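J.: Quick check, what structure comes out for this input:
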Amino acid sequence: MFPTLLAAAEIPLLSDIVVIFGLATLVILLFMRLKLPTIIGYLFTGAIAGPYGLSLVDASTAVEVLSEIGVILLLFVIGMEFSLRSLMAIKKAVFIGGALQVLFTIGFTTLVSYLFGFSWPIAVFFGFLFSLSSTAIVLKILQEAGQVNTISGRTTLAILIFQDIIIVPFVLFTPMLAGESDNILLSLLLLAFKGGVVIVLTILGAKYVIPKILFRVARTRNEELFLLSIIVICFAVAYATSLLGLSLGLGAFLAGLIISESEYSHHATGKILPFREIFLSFFFVSVGMLFDVSFLYDHLLVILLLVLLTFVLKFTAATLAVRAIGSGYKEAFIVGFSLFQVGEFSLLLAKEGLKYNLLDNETYQYFLAISILTMGITPFLLKNREILACRILNAPLPSKIKNRLDSNQPAPIELDEEKLNDHLVIIGYGLNGRNLARAAKTADIPFAIIEMNPETVRDEAAKGEPIVYGDASNGAVLEHINIHKARVVVVAISNSEATKSIVLHVRSLNPNASLIVRTRYVNEIESLMHLGADEVIPEEFETSIEIFTRVLNKYLVPKRSIAAFTEDVRTHNYEMFRYSSLEQGPGITLDVPEINFVSVKIEKDTGPYLGQPIKDINLREKANVNLVAIKREGVTETNITGETRLKLGDVIYLVGKPEALQAFEKTVSLPAD
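T.: Numbering: from 1, shown residues only. Take a look at the predicted model:
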């Protein structure tokens, strides 16, 4: 037994793991105290422990292997959170946007490198290196911020997917640039064939094979077996793609896509996440270990200028690529601020360049310094990318440039803040949003609209609609339309993931609003209700009629008036919604009462209304509210007598004016944190 323990103690990797995790723990604690991103903490840990620092770690090769596992698991999780359907939905951004970003970056970098005196082959190789961005860092930050499924997030992901694919041709071209060319055309044709085989196998596996396997595994109700199955699928597909000459990361992403088509993807994601975080930390540490601090110190000014040049070239290339696929300048700038850094796959490609003498040791250290510094500043720019994009749009630029930028942005809308109180918020201005807005106008309900299509915002604002441009999952946009004062919020968009993010943000800013959500499928109702939606309306129902009917109900409009309104809509075959003004539609006058129907939980164990019979506390006279029902221990009781008493923990349902209800709630409820 003792010899075994001694042998284990002599394994270098074990001591290195202790050093890395121990040092990382101290560094991360310090960085969190200073409110700095943890990614930079891991890079800093690697720099301290690496051969150019204190040389605390010996098994650098083993650490690199562990870091590669982290990248594989990251791409695997991203694939599980994506889907083949979603991938096809952004194929334009993947294959056109990604290709343009890579080509523009290669072109700019090659030209600048040639002007600096490098030969054409080496200049092109530099283009290869700088065209790739950090999938690991960018996606980790976007995931933590919940922005992967925003428009800019999906575009960023699309370009990163293309970069992960293009790394394979880059590796094939590297020997040719070094003058050791084989039959490159045959290699490319073989690569195309392999890619086609992988795509076909991915589709077949996602549709026919993996769901059946996971179903049988899930039936056993054995969590260990389920986890083992998920890991085997991940690494088996990654290994299979590597045998075909493709990257491990691409295989892991495809494995995630396969599992995403099954109903077990969310459960699998929860199982994998802890392992991903552990192994991914090794990646950032391994990158930091390559950092030669003394070289940085000796060439600091030159390196900083090269970092600035890298940022300008990559930001410009990404912006032009995103604009070329039809996105506005704001989205293009946001993507540009996301993809300016040098990526981890560039570090792998650089080693190939060393092997074929396309890079010497000094150039390699310059490249490492640029790579790590751009990775290090990425978290800061990514977290503020939207603010930075807006600053560019609002910068005092020459009139010609300003007009060009403004021509693609909606005109700023000044909303009447006096009307944004107890109002309706409509998120999404498609058919349902338009119908709801016209119903609100008919009922004289104040409302505001949030829409992401700049053309729609510009056109509707010109007609006088209270509409603003923005992403409703952005707190600043929601605050602009006084979300905290809204009575009803309706999410009427078709993007499932964006809807979930919006529901979370709306509910966090206004826990009391009635949140009504439109969705495509019935099976999404439960998850949206769990996130905070009060009512979820599937698309299969008469969505537009159902939404505005429920909104009018929330405003306590008489049911007879609502029925008359909906009957007119049906009778005229939705004719009223085709008119450009309400005066042309059916003339219905709805009287909206200034009273609310709310539920209040009794959280104080003392007070003037507790423990006494209802008939003695004069609730109607003292508080100006009417008690409708009481929910106690999960049972709702509407048969309330004069002897009924209110107790701690009761949920009571009241009718009254907003100010009276708020005053009563303060009496029986604890203050918000």
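
J.: From now on I want contacts and neighbour counts done on CA atoms only, so please keep to that.
T.: OK.

J.: what's the single longest strand in this protein?
T.: Determined from DSSP state E, the single longest strand within the chain is strand 625-632.

J.: Now do the strands in the stretch 401-550 of the chain.
T.: Taking DSSP state E, counting those that start in this stretch, the strands of the stretch 401-550 of the chain run over residues 424-427, 447-451, 467-469, 488-491, 514-519, 535-538.

J.: do the stretch 551-673 of the chain as well
T.: For the stretch 551-673 of the chain, the strands defined by DSSP E, counting those that start in this stretch cover 596-601, 625-632, 635-637, 651-656.

J.: Partner strands of the third one and their direction?
T.: What that stands for is strand 635-637. In the sheet, strand 635-637 lines up against strand 625-632 (antiparallel) (DSSP bridges).

J.: and the angle for the strand it pairs with with strand 596-601?
T.: In terms of direction (axes from the mean of the first three to the mean of the last three CA atoms, to 10 degrees), strand 625-632 departs from strand 596-601 by 40 degrees.

J.: Would you mind putting the CA coordinates of strand 625-632 into PDB?
T.: The C-alpha trace of strand 625-632 is given here as PDB (Å, rounded to 0.1, in the frame of the first residue of the first chain):
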ATOM      1  CA  VAL A 625     -60.200  47.000  -0.800                       C
ATOM      2  CA  ASN A 626     -62.500  44.000  -1.300                       C
ATOM      3  CA  LEU A 627     -61.500  40.500  -0.300                       C
ATOM      4  CA  VAL A 628     -62.500  38.000  -3.100                       C
ATOM      5  CA  ALA A 629     -60.700  34.700  -2.100                       C
ATOM      6  CA  ILE A 630     -58.200  33.200   0.200                       C
ATOM      7  CA  LYS A 631     -55.600  30.500  -0.700                       C
ATOM      8  CA  ARG A 632     -54.500  28.600   2.400                       C
END
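
J.: can you give me how far it is from the chain middle?
T.: The chain centroid and the centroid of strand 625-632 are separated by 41 Å, computed with CA atoms, centre = their mean, to the nearest Å.

J.: contacting residues around it?
T.: Contact partners of strand 625-632, identified using CA atoms under 8 Å, 6 or more residues apart in numbering, comprise 619-620, 636-640, 649-657, 660-661.

J.: got it, and stretch 666-673?
T.: For stretch 666-673, using CA under 8 Å, 6+ apart, the contacting residues are 600, 601, 602, 603, 604, 607.

J.: And stretch 304-311, what's buried?
T.: Across stretch 304-311, burial judged by 16 or more other CA atoms under 10 Å covers 304, 306, 307, 310, 311.

J.: was I right about residue 101 contacting residue 313?
T.: No: look at residue 101 against residue 313 with CA atoms under 8 Å: they stay out of range, at 10.7 Å.

J.: so where do the helices sit in the stretch 501-650 of the chain?
T.: Ranges of helices in the stretch 501-650 of the chain, per DSSP state H, counting those that start in this stretch, are 525-531, 543-554, 559-571, 614-617, 619-623.

J.: Mind giving me the packing neighbours of the last one?
T.: Of the remaining helices and strands, those touching helix 619-623 by 3 or more CA pairs under 8 Å, 6 or more residues apart in numbering; DSSP states H and E are strand 625-632, helix 658-668.

J.: Most tightly packed of those?
T.: strand 625-632 (a mean of 18; mean count of other CA atoms under 10 Å).

J.: Please find the angle between the direction vectors of that one and strand 651-656.
T.: With the same axes, to 10 degrees as the basis, strand 625-632 and strand 651-656 are set at 160 degrees to each other.

J.: ok, back up a step: can you say which of the strands of the stretch 401-550 of the chain is nearest to residue 137?
T.: Nearest to residue 137 among these is strand 467-469; the distance by CA to CA comes to 29.1 Å.

J.: Quick check, central residue of the protein?
T.: For the chain, residue 147 is the residue whose C-alpha lies nearest the centre (CA atoms, centre = their mean; 2.0 Å).

J.: sec struct for that residue, please.
T.: coil (DSSP: H, G, I helix; E, B strand; the rest coil).

J.: distance of it from residue 77?
T.: As judged by CA to CA, to the nearest Å, residue 147 and residue 77 stand 15 Å apart.

J.: what's next to stretch 239-252, contact-wise?
T.: With CA under 8 Å, 6+ apart, stretch 239-252 has contacts from 71-73, 75-76, 79, 164-165, 167-168, 191, 194, 198, 234-235, 237-238.

J.: That stretch: how far from the chain's middle?
T.: Here stretch 239-252 shows a centroid-to-chain-centroid distance of 26 Å under the convention CA atoms, centre = their mean.

J.: State the mean pLDDT of it.
T.: For stretch 239-252, mean pLDDT is 76.

J.: hmm, back to that, would you tell me which of the helices and strands packed on helix 619-623 gets closest to residue 433?
T.: Set against residue 433 and scored by CA to CA, the helices and strands packed on helix 619-623 come closest in helix 658-668, at 26.5 Å.

J.: angle of that closest one against strand 625-632?
T.: Using the same axes, to 10 degrees: helix 658-668 against strand 625-632 is 50 degrees.

J.: Report pLDDT for the residue nearest to the centre of the chain.
T.: So residue 147 comes in at 71 (pLDDT).

J.: still on that earlier bit, in strands, which of the contacts of stretch 239-252 appear?
T.: Using DSSP E, no member of the contacts of stretch 239-252 falls within strands.

J.: Please parse the chain into its domains.
T.: Domain assignment of the chain by automatic domain parsing yields the ranges 2-392, 417-584, 596-668.

J.: Could you list the low-confidence segments of the stretch 551-673 of the chain?
T.: The stretch 551-673 of the chain contains residues with pLDDT under 70 at 556-561, 569-594, 672-673.

J.: which residue packs closest to residue 339, ignoring adjacent ones?
T.: The shortest distance from residue 339 to any non-neighbouring residue, by CA to CA, 6 or more residues apart in numbering, is to residue 133 (5.6 Å).

J.: distance of the one you found from residue 248?
T.: 17 Å.

J.: one step back: tell me which of the helices of the stretch 501-650 of the chain sits most buried.
T.: Comparing the helices of the stretch 501-650 of the chain by mean neighbour count (mean count of other CA under 10 Å), helix 543-554 ranks first with a mean of 19.

J.: before we move on, back to that, and the contacts of strand 625-632, which of them are buried?
T.: Burial by neighbour count, judged by 16+ other CA under 10 Å, picks out 619, 649, 650, 651, 652, 653, 654, 655, 656, 660, 661 from the contacts of strand 625-632.

J.: Leaving out the residues flanking it, which one is nearest to residue 421?
T.: Of all residues beyond its chain neighbours, the one nearest residue 421 is residue 485 (5.3 Å), with distances taken as CA to CA, 6+ apart.

J.: And the pLDDT at that neighbour?
T.: 87.

J.: number of nearby residues for it?
T.: Residue 485: 18 surrounding residues under other CA atoms under 10 Å.

J.: okay but it is in contact with residue 419, surely?
T.: No: in this structure residue 485 lies outside contact range of residue 419 using CA under 8 Å: 10.4 Å.

J.: wait, isn't residue 432 in contact with residue 494?
T.: No: counting by CA under 8 Å, residue 432 stays clear of residue 494, with 10.4 Å between them.

J.: which stretch of helix or strand covers the residue lying closest to residue 315 once chain neighbours are set aside?
T.: Once flanking residues are discounted, residue 315 sits nearest to residue 336: 4.4 Å by CA to CA, 6+ apart. Using DSSP states H and E, residue 336 sits within helix 329-338.

J.: Show residues contacting that helix.
T.: 138, 151-153, 155-156, 314-323, 378, 381-382, 385-386, 388-390, 393, 405, 408-409.

J.: next structured bit after the helix or strand bottoming out on mean pLDDT in the chain?
T.: Least confident helix or strand, the chain: helix 2-9 with a mean of 46, by mean pLDDT, DSSP states H and E. Using DSSP H and E, the helix or strand that directly follows helix 2-9 along the chain is helix 12-33.

J.: quick one, what contacts the closest residue to residue 292 other than its chain neighbours?
T.: Counting by CA to CA, 6+ apart, residue 52 is the residue found nearest to residue 292 once chain neighbours are left out, at 5.1 Å. By CA under 8 Å, 6+ apart, residue 52 lies in contact with 289, 290, 291, 292, 293, 294.

J.: Thank you kindly, that will do.
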